[in-house]
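[1] Pasting the sequence and the predicted coordinates here, then a few questions.
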There are 2 protein chains.
Amino acid sequence: MTGETDWEIGAFSLPAPAGASDVLADSIRVTPVPDVEANRQLIPSSEAEWVVAVEERDEKNRAIAGVLADQFALTVEEEHIDGVGTYRVTPPEIDRRHQDHLFVYVHGGAYVLGAGEAGLPEAMLIAARTKMQVLSIDYRMPPQHPFPAALDDVIAVWENVLGTRSVSSVALGGVSAGGGLILTAVQKLIGGGHQTPQALYAGTPWTDLTRTGDSYYTNEGVDRLLVGYDGILAAAARLYAGVHDLTDPLISPVYGDFTGFPPTFLVTGTRDLFLSNTVRTHTKLRAAGVTADLLVFEGVSHGDYAAEATSPESLLTYAELNSFLLQHL
Amino acid sequence: MTGETDWEIGAFSLPAPAGASDVLADSIRVTPVPDVEANRQLIPSSEAEWVVAVEERDEKNRAIAGVLADQFALTVEEEHIDGVGTYRVTPPEIDRRHQDHLFVYVHGGAYVLGAGEAGLPEAMLIAARTKMQVLSIDYRMPPQHPFPAALDDVIAVWENVLGTRSVSSVALGGVSAGGGLILTAVQKLIGGGHQTPQALYAGTPWTDLTRTGDSYYTNEGVDRLLVGYDGILAAAARLYAGVHDLTDPLISPVYGDFTGFPPTFLVTGTRDLFLSNTVRTHTKLRAAGVTADLLVFEGVSHGDYAAEATSPESLLTYAELNSFLLQHL
């Protein structure tokens, strides 16, 4: 990445995505224009400022979790597994094909957001849409608990789950930072000769915590959810990694080895700041001979397919995830 | 697409893609910066100007075809099928698993480029990499022959091929305009109750000839091969469509019906002006219940995976295409 070869790309006007569903396009039409400069200023500089920044965002997601729980009549039980907090999300009716299956879920939030019930919205959507039981991991996070606390928690829950059920019945999935966590966890499991899940779901995974990848540039100001790398995202990457290098494969799994991975389902969109993270991971999986299935949605920003839960993009995502799980579990 | 909701995206600097292969990234480093303004001026205004513009570009591709034929020791035979020109490309050794297979290929070039041997480079790569026989269609093009001449030629060759061999042994594929042509051809075949190919390959297909799709905007000046929509591409769209609407499904197949399609393999890249064309087609196929497999390569502009024939991106594309064909033929 030599400075002298950088290309200067001019300013342009971006219309709402006419090729996306009406639900998504209409939602984008009423979204405030992403403000790259304001986003760059969002850098908490003390633990107290992190707590405030996180709480503002988590409050909204706790409210969404409450709405989804009611809407889909989900049962949510807190459970401590080997000292790690988890939530067991059970839909009112389990698909009989999923009777013996468990989806272990790892939430996103740049390694700082999503503690407690704020980490539950997508776990709830998966439980509701696939009609299977989901176990969501409330892993430890910085500032109090930097790397490798979160990874240790995911692996501790995974090993415990395997003590009570057959590995062939368990899928592991996560979104954004959670997508990065499940991929690093599986690399670590394979490296240690341990059993791996039967199928993986990596939703727009944060697989490169450095600013490497075309879409960190081409989708800056285009992604309505993440907006840009510089700001809270870059700060969260540093906060999570602590003294470790951001290119450590256990922090940025795109630099790791995907040999021997289980079948993996990946989702992203044309407006996703993590489009490159997702497709780089997908092609690395395929180059390693792994069954890996990629969906890329027109007009979809980071995690929009989960956020716009009633959109055709969202319904197709979880229908395809369900088919994938039924095929591989 | 209402003007008042357009977002103004600021100028930015784009580094060479450190997440792509060295072969591709190094090639991009020595590429002249795509010039959007100059590209906008490239609009031939008479038939004579079209001939000159086309010949400049075709000359280069004929030279590439010559190099590939030598490099891979390919045999190329011209053949007229029902009045349509074709080239039969045979590799020195046929994979015995492909002994009875035929890949019918439709070249790209915005419906104006690629006549004669200028349309052969990717047909040759497919023959060389998959070790199967390829029949490349030298379909008629504007200015002399606008829509539906090209489509009629593809269908004529297809129907003729079926007269001499089992449908289960034939794949149909194309890139760019050729990708659009094979998709419209299959929609027309299904609509008429005719037999369809056993597997399809749609490389970065031109499925929407209007400027609809995020990547027409986000990848303007980012795609080193197409550069932008405004210019020769928009002019070629109009030249091909003639009096017909650009959103006619037989011209822009993304507006058509994908029900009943055969398994389809699609390829694009993060820098591709046709990223949105490709992924919109992929998700429409999946929504219609079709087996459709998508590869998206980091750093790859329109057709770069074919143009950079020695890159890992290119090798993986044709290895995966070959696996796909072996699975479905």
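    Done, it's in. Every value quoted in this text rests on a predicted model; they were computed, and no experiment measured them.
[2] Would you check that my belief about residue A:233 contacting residue A:225 is correct?
    No. With contact defined as C-beta atoms under 8 Å, residue A:233 does not reach residue A:225; the gap is 10.8 Å. In this view, the C-beta of every residue, glycine as well, is placed from N, C-alpha and C.
[3] who has more neighbours, these two?
    Using other C-beta atoms under 10 Å in any protein chain shown, the more surrounded residue of residue A:233 and residue A:225 is residue A:233, with 24 against 18.
[4] Now that one: which helix or strand?
    With secondary structure defined by DSSP states H and E, residue A:233 is part of helix A:232-241.
[5] Touching that helix from outside, list them.
    The contact list for helix A:232-241 (C-beta atoms under 8 Å, 6 or more residues apart in numbering or on different chains) reads A:39, A:42-44, A:50, A:53, A:110-112, A:141-143, A:146-147, A:150, A:177, A:209-211, A:226, A:246, A:248, A:251.
[6] now the strands for the stretch 151-300 of chain A?
    Ranges of strands in the stretch 151-300 of chain A, per DSSP state E, counting those that start in this stretch, are A:170-175, A:199-203, A:264-269, A:292-297.
[7] so what strands line up beside the second one?
    For strand A:199-203, the paired strands and their directions (DSSP bridges) read strand A:170-175 (parallel), strand A:264-269 (parallel).
[8] closest one to residue A:279 among the ones you listed?
    With C-beta to C-beta, the closest approach to residue A:279 among the strands paired with strand A:199-203 belongs to strand A:264-269: 7.0 Å.
[9] Contact partners for residue A:84?
    Neighbouring residues of residue A:84 by C-beta under 8 Å, 6+ apart: A:137, A:138, A:139, A:140, A:153, A:156, A:157.
[10] Apologies, that question was intended for residue A:167.
    Counting by C-beta under 8 Å, 6+ apart, residue A:167 makes contact with A:195, A:196, A:197, A:198.
[11] List only buried entries from those.
    The neighbour count (16 or more other C-beta atoms under 10 Å in any protein chain shown) marks A:196, A:197, A:198 as buried among those.
[12] that older thread, return the member of the contacts of residue A:84 nearest to chain B.
    Nearest to chain B out of these is residue A:139 (C-beta to the nearest C-beta; 26.8 Å).
[13] picking that back up, need the strands of the stretch 151-300 of chain A in JSON lines (columns: mean neighbour count and mean pLDDT).
    Shown next, in JSON lines, are the strands of the stretch 151-300 of chain A (neighbours: other C-beta atoms under 10 Å in any protein chain shown; pLDDT from 0 to 100):
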{"stretch": "strand A:170-175", "mean neighbour count": "28", "mean pLDDT": "98"}
{"stretch": "strand A:199-203", "mean neighbour count": "28", "mean pLDDT": "98"}
{"stretch": "strand A:264-269", "mean neighbour count": "28", "mean pLDDT": "98"}
{"stretch": "strand A:292-297", "mean neighbour count": "24", "mean pLDDT": "98"}
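[14] how about the ones you listed in a markdown table, adding distance to residue B:218?
    Converted to a markdown table, the strands of the stretch 151-300 of chain A look like this (distance: least, C-beta to C-beta, whole Å):
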| stretch | distance to residue B:218 |
| --- | --- |
| strand A:170-175 | 22 |
| strand A:199-203 | 21 |
| strand A:264-269 | 11 |
| strand A:292-297 | 13 |
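[15] in the stretch 51-200 of chain A, which spans are helices?
    For the stretch 51-200 of chain A, applying DSSP state H, counting those that start in this stretch gives helices covering A:121-130, A:149-162, A:177-191.
[16] So is the longest one next to chain B?
    No. With C-beta under 8 Å from any C-beta of the partner chain as the measure, helix A:177-191 is seen stopping short of chain B, the closest distance being 15.0 Å.
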